[in-house]
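Engineer: I would like the atomic coordinates for the input below:
(chains A, B and C)
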Amino acid sequence: MSIDSSDLFGPIEPPPAVRTVSVLVPMPAPRPYSYSVPEGMAVEPGSVVQVPLGPRQVIGAVWEGGDEGVDPKKLRPITKVFDCPPLSKEMRDFVDWVAGYTLSPPGLVARMALRVPNAFDPEPMVEGLRFVGGEPERMTPARARVLDAAGDELSWTRIGLAHAAGVSTSVVDGLIAQGIFETIFLPPPPIVAKPDPDFAPSRLAGPQKEAADEILEEVRNGQFAVSLIDGVTGSGKTEVYFEAIAETLKRGKQVLILLPEIALTASFLERFQDRFGAKPAEWHSDLAPKTREKVWRQAVTGEVRVVAGARSALFLPFEDLGLIIVDEEHDPAYKQEDRVYYNARDMAVVRARIGDFPLVLVSATPSVESQVNGQSGRYTTIHLPTRFGDAALPDLHLVDMRRHAPERGGFLSPVLLRAIGKTVEKQQQALLFLNRRGYAPLTLCRVCGHRFQCPQCSSWLVEHRFKRQLQCHQCGYHQHTPEACPECGTFDHLVACGPGVERIAEEVERHFPEARTIVLSSDIMGGVKRLRLELDAIAKGEADIVIGTQLVAKGHNFPLMTLVGIIDADLGLANGDPRAAERTFQLLSQVTGRAGRTGLKSHGLLQTYQPQHPVMQAIVSGDAGAFYEREIAERERAILPPFGRLASIIVSAETRQDAEGHARGMRNAAPQVTGISVLGPAEAPLALVRGRHRFRLLVHGRRNSDMQAYLRTMLAQSPKERGSIHVQLDIDPQSFL
DNA sequence: AGCACGCCGACT
DNA sequence: GTCGGCGTGCTC
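Structural biologist: Alright, predicted model coming up:
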């Protein structure tokens, strides 16, 4: 006979139901993990929580759609819920969408939104003083000064008040002890003042006014819409989108301005301040941790109304975002190429669509993708073909190097030399652009023909004469420049082939020994700080001839710059990058746009061996239409037709054999995919074969869902390759909407 | 992503 | 004899 336990202990209580929620943890798990919720803890989807994960505590977010069948014994309780607004439904949808699209684990995407160690608890209140009233028992001159300084202001900090009165804090402490002031707690001060949409209303007129009005219509409508401002450098694009920002602020919504990191300069922030009376909050990688926390927190709470940031700012969980501006829309810096691979420009479009608010793309040289989306009517294109105010575009000419050959051993044509001479004579500045660091891109032995190659990655070693080094620009390898050929041992017979900026400087100094010449490239000694100083010095007119690589292309205004000479306009067209022509067009447009921004008559001379090339024609004529048509056709041809319409895949690897092997595997694994083609490292963009990834997939397709399904299959079949597969979908302009 | 465990080379 | 390199595996 058995004893029913209920006889002994009373009726059996059903065990208390354990409440379980899914939590996205910041690691590459394929889906959220399950955690139990302790008695009395309130969580909802989006709540920011701390949970145990293995041996440590991590930050995560409560999510929907986790794992059902997890062993209840494994469940561990949530450690704490932060007093922080939960991630909104929109934000969660955005994270999931980005994870799905980029084939990244959602936890890693969420991590980008939560990468602020101490911002999840409210900022501590700040101790302050309030004037209560009355007079101290003994009035002293110091005390009188404090009372005088306090004036009508309601609240002070202890130190601030002492400072304002010019006394030590002990005087203030004495007044507190007497009850004249009382200690109160104040909310922490905002990181930036509120921008005022009416601070300095626009003086736009003509095409700029029309453009602004067109965008304002979208902003007032408040729904998802993408506008593309396609305007030449100096056409007032910024002023136009400032109007969209003003309108959004009036509607009570927050604004995000995305900029390539390099364009987040003091001068941009000042322009914003001139229009809105306050600076926007900044967001970029080298923000001080405390500032970073404040900006995050105040974006979530809605304290901050406008953030100007680099691509990672896209993952800030704004309280009520109502407009995104993507300035320099074409800039490759919007691509992140580690961990989660994404293009912030495209993901911004997605965020705007999910949040149902307008977005403005801005560029002087739109990307081919945006151009196509404009043509197809998906985006509204707004053209600003002329410069704003008294600035005029430089007068551009091609110098056909076959007819105007430089002297032996030189790289500057007589035409360009003459133009430099005239410019310097007028006390104006010339910019010579060559996108090549160092002295010479190739060194060889005149006796045996030995070429100096990188022992690690086989690209040519670049001579840096100033540092007396041979450097590899791919992997960073460097060695002291030898005096003898390592192959045949002959001394003094090494010759430099081709130009770098250092070599151009040498040639310039030979022709213009009196001129003040300066070389600007990323290997400038002294880092960013020194660079800033040099740029300021140039702007002040402390140099006559500037020789620079692409870092002179952006940002700074040089009021005296009236001549731009492109040493080798064809450079960059020759490599195997499918975007070579597009990149060249963008770069050369930007560089020539450096001149003439402040009204002085200016010129540009482009030295080229291919004067008929569409890029050259587009730049000198200022009419990019034909160039874009060609690029679009080219890309369509390269990507779609040979493989049919369903999908096509380009595999790239470090060697062609590897790529062929991977491609064969894929053809076997997925015969339904119609096109798999192979790019060896020579043809593939450099960025694709560099780095620690063994191979990458470049995926192009019309139907994103097909591509993703296919790739998931691939990933499932070879889980070991998981970490080394890179999917880049942004090449196809159609795929992400 | 972190962090532990675990198995082979150059050193106090 | 150890210290330490990074390959593999695991985290609700």
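
Engineer: what helix or strand is A:Glu629 on?
Structural biologist: Applying DSSP states H and E as the criterion places A:Glu629 in helix A:625-639.

Engineer: mean confidence score for that helix?
Structural biologist: What helix A:625-639 shows for mean pLDDT is 78.

Engineer: likewise stretch A:171-179?
Structural biologist: Mean predicted confidence for stretch A:171-179 is 86.

Engineer: which residues touch that stretch?
Structural biologist: Contacts of stretch A:171-179 from elsewhere in the structure, counted by CB atoms under 8 Å, 6 or more residues apart in numbering, are A:129, A:132, A:134, A:136-137, A:140, A:142-143, A:146-147, A:158, A:161-162, A:165, A:181-183. Using the backbone N, CA and C atoms, a C-beta is placed for each residue, glycine as well.

Engineer: Let's see that stretch as CSV, backbone CA atoms only.
Structural biologist: Taking Å, rounded to 0.1, in the frame of the first residue of the first chain, the C-alpha atoms of stretch A:171-179 are listed here in CSV:
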residue,chain,number,x,y,z
VAL,A,171,32.4,81.4,1.6
VAL,A,172,29.6,79.6,-0.2
ASP,A,173,29.7,76.8,2.4
GLY,A,174,29.3,79.4,5.1
LEU,A,175,26.1,80.7,3.4
ILE,A,176,24.8,77.2,3.0
ALA,A,177,25.4,76.6,6.8
GLN,A,178,23.4,79.7,7.5
GLY,A,179,20.5,78.5,5.3
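
Engineer: So which bits of that stretch are buried?
Structural biologist: Residues of stretch A:171-179 classed as buried: A:Val171, A:Val172, A:Gly174, A:Leu175 (neighbour count, 16 or more other CB atoms under 10 Å).

Engineer: In three-state terms, label the third one for me.
Structural biologist: Counting by DSSP: H, G, I helix; E, B strand; the rest coil, the backbone at A:Gly174 sits in helix.

Engineer: closest point of chain A to DNA strand B, which residue?
Structural biologist: A:Met27 (3.5 Å; CB to the nearest atom of the strand).

Engineer: Can you tell me which residues in the stretch 451-600 of chain A are near DNA strand C?
Structural biologist: Taking CB under 7 Å from any atom of the strand as the contact definition, the stretch 451-600 of chain A does not meet DNA strand C anywhere.

Engineer: how near is A:Gly449 to A:Glu487?
Structural biologist: Look at A:Gly449 and A:Glu487: by CB to CB, to the nearest Å, they are 8 Å apart.

Engineer: about what we covered before: figure out the helix or strand that the closest residue to the residue of chain A closest to DNA strand B other than its chain neighbours lives in.
Structural biologist: Spatial nearest neighbour of A:Met27, excluding adjacent residues (CB to CB, 6 or more residues apart in numbering): A:Gly107 at 5.4 Å. Applying DSSP H and E as the criterion places A:Gly107 in helix A:106-113.

Engineer: Give me the contact list for that helix.
Structural biologist: For helix A:106-113, using CB under 8 Å, 6+ apart, the contacting residues are A:24-29, A:31-32, A:60-61, A:63, A:87, A:91, A:95-96, A:98-99, A:102, A:312, A:315-317, A:339-340.

Engineer: Does it reach DNA strand C?
Structural biologist: No. Figure legend: helix A:106-113 not in contact with DNA strand C (CB under 7 Å from any atom of the strand); closest approach 10.1 Å.

Engineer: and the next element down the chain from that helix?
Structural biologist: Downstream of helix A:106-113 (by DSSP H and E), the next one is strand A:126-131.

Engineer: what comes up buried for that next one?
Structural biologist: In strand A:126-131, counting by 16+ other CB under 10 Å, buried: A:Gly128, A:Leu129, A:Phe131.

Engineer: Would you mind giving the residues you listed as TSV with distance to DNA strand C and pLDDT added?
Structural biologist: As requested, the buried residues of strand A:126-131 are exported to TSV (distance: CB to the nearest atom of the strand, whole Å; pLDDT from 0 to 100):
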residue	distance to DNA strand C	pLDDT
A:Gly128	43	84
A:Leu129	47	83
A:Phe131	53	83
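
Engineer: what residues does stretch A:257-274 touch?
Structural biologist: Outside stretch A:257-274, the residues touching it (CB under 8 Å, 6+ apart) are A:195, A:200, A:238, A:242, A:245, A:279-280, A:282, A:284-285, A:306-311, A:313-314, A:324-328, A:331, A:333-334, A:344-345, A:348, A:551, A:554-557.

Engineer: which SS class is the residue of chain A closest to DNA strand B?
Structural biologist: A:Met27 is classified as coil under three-state DSSP.

Engineer: my guess is it meets A:Leu53, correct?
Structural biologist: Yes. Counting by CB atoms under 8 Å, A:Met27 does reach A:Leu53; the two are 7.3 Å apart.

Engineer: Please identify which of these two sits among more neighbours.
Structural biologist: A:Leu53 (18 against 14; other CB atoms under 10 Å).

Engineer: what's that one in contact with, if anything?
Structural biologist: A:Val25, A:Met27, A:Tyr33.

Engineer: let's see it at 6 Å
Structural biologist: A:Val25 (CB atoms under 6 Å, 6 or more residues apart in numbering).

Engineer: Near DNA strand C, which residues of chain A are found?
Structural biologist: A:27-29, A:33-35, A:52-54, A:66-67, A:70, A:74-76.

Engineer: One more pass at 6 Å, please.
Structural biologist: By CB under 6 Å from any atom of the strand, the residues of chain A that approach DNA strand C are A:Met27, A:Tyr33, A:Ser34, A:Tyr35, A:Pro52, A:Leu53, A:Gly54, A:Asp67, A:Val70, A:Lys74, A:Leu75, A:Arg76.

Engineer: What's the first helix or strand after the helix or strand harbouring the fourth one?
Structural biologist: In other words, A:Tyr35. Element membership of A:Tyr35, judged by DSSP H and E, is strand A:33-36. The helix or strand immediately downstream of strand A:33-36 is strand A:48-53, counting by DSSP H and E.

Engineer: What residues sit buried inside stretch A:37-48?
Structural biologist: Burial within stretch A:37-48, assessed by neighbour count using 16+ other CB under 10 Å, is assigned to A:Val37, A:Met41, A:Val43, A:Pro45, A:Gly46, A:Ser47, A:Val48.

Engineer: follow-up on the earlier one: distance check, the residue nearest to A:Met27 against A:Val116.
Structural biologist: Distance from A:Gly107 to A:Val116, by CB to CB: 16 Å.

Engineer: which one of the two has more residues nearby?
Structural biologist: Neighbour totals were compared for A:Gly107 and A:Val116, and A:Gly107 leads with 25 against 17 (other CB under 10 Å).

Engineer: any idea of the pLDDT on that one?
Structural biologist: 93.

Engineer: Distance of it relative to DNA strand C?
Structural biologist: 10 Å (CB to the nearest atom of the strand, to the nearest Å).

Engineer: Give the helix, strand or coil label for the spatially closest residue to A:Gln428 that is not a sequence neighbour.
Structural biologist: Counting by CB to CB, 6+ apart, the nearest residue to A:Gln428 once its immediate chain neighbours are dropped is A:Thr562, at 4.3 Å. Per three-state DSSP, the secondary structure class of A:Thr562 is strand.

Engineer: before we move on, the earlier item: just the buried residues out of the contacts of stretch A:171-179, in ChimeraX syntax.
Structural biologist: Those of these that count as buried under 16+ other CB under 10 Å are selected in ChimeraX with:
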select /A:129,136,142,143,146,147,158,161,162,165,181
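
Engineer: Out of the contacts of stretch A:171-179, list just those in helices.
Structural biologist: The helices, defined by DSSP state H, take in A:Ala142, A:Arg143, A:Val146, A:Leu147, A:Arg158, A:Leu161, A:Ala162, A:Ala165 from the contacts of stretch A:171-179.

Engineer: and of these, the nearest to A:Pro122?
Structural biologist: A:Arg158 (22.0 Å; CB to CB).

Engineer: Next up, the contacts around the closest one.
Structural biologist: Taking CB under 6 Å, 6+ apart, one finds A:Leu129, A:Thr169, A:Val172 in contact with A:Arg158.
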